[in-house]
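Enquirer: Return atomic coordinates for the entry below.
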Amino acid sequence: MEKTFIMLKPDAVQRNLAGEIIGRLEKKGLKLVAIKMLLLSNTLAERHYEEHLGKSFFQNLVGFITSGPVIAMVWEGENAIQVARRMMGNTDPQKSEPGTIRGDYALFTGNNIVHGSDSSQSAMREIEIFFTPSEIISYRKDLEYWIYGDR
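Expert: Sure thing, here's the model as predicted:
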């Protein structure tokens, strides 16, 4: 099982899309193992976006992500990172296919509704930024015993 970090950005929260997006991820078969709503400090936002430090859009990223509440989550499933990224669509909503989260709900790159880890290394780093190990709940759904057996 792979874990991925997904954050609903302030525009998703402001537009009341949290339930819709969470529902899509659940319906796909991913398992929610951690969730919290928070207001990011500049320090936390800068840490989250540190790979973009020095780029022209860095301050805009930090300014937007700290502009309102976000919902930070950890999801688990087979190929969870790749599955979630395909569901989210291209980071440029104008290039996102209809049926993806960004394709259906976002208009431009600056406010593109959702963030998701792009690799297992990013997922581990981002999960550690937002969650302690005790906040991530390990559990098994009944259906998983049928799919995966006792592994």
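Enquirer: next one: stretch 47-66 to chain centre, how far?
Expert: Averaging C-alpha positions (CA atoms, centre = their mean, to the nearest Å) puts stretch 47-66 16 Å from its chain's average.
Enquirer: can you pull the buried residues of that stretch?
Expert: Within stretch 47-66, the residues that count as buried by 16 or more other CB atoms under 10 Å are His48, Tyr49, Phe58, Leu61, Val62, Phe64, Ile65, Thr66. In this view, the C-beta of every residue, glycine as well, is placed from N, C-alpha and C.
Enquirer: Strands of this protein, start to end?
Expert: Listed in chain order, the strands of the chain (DSSP state E) span 2-8, 31-38, 70-77, 114-116.
Enquirer: Tabulate those strands (JSON lines), appending mean pLDDT, mean neighbour count and distance to Arg102.
Expert: Converted to JSON lines, those look like this (pLDDT from 0 to 100; neighbours: other CB atoms under 10 Å; distance: least, CB to CB, whole Å):
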{"stretch": "strand 2-8", "mean pLDDT": "98", "mean neighbour count": "23", "distance to Arg102": "12"}
{"stretch": "strand 31-38", "mean pLDDT": "98", "mean neighbour count": "16", "distance to Arg102": "20"}
{"stretch": "strand 70-77", "mean pLDDT": "98", "mean neighbour count": "23", "distance to Arg102": "16"}
{"stretch": "strand 114-116", "mean pLDDT": "97", "mean neighbour count": "24", "distance to Arg102": "7"}
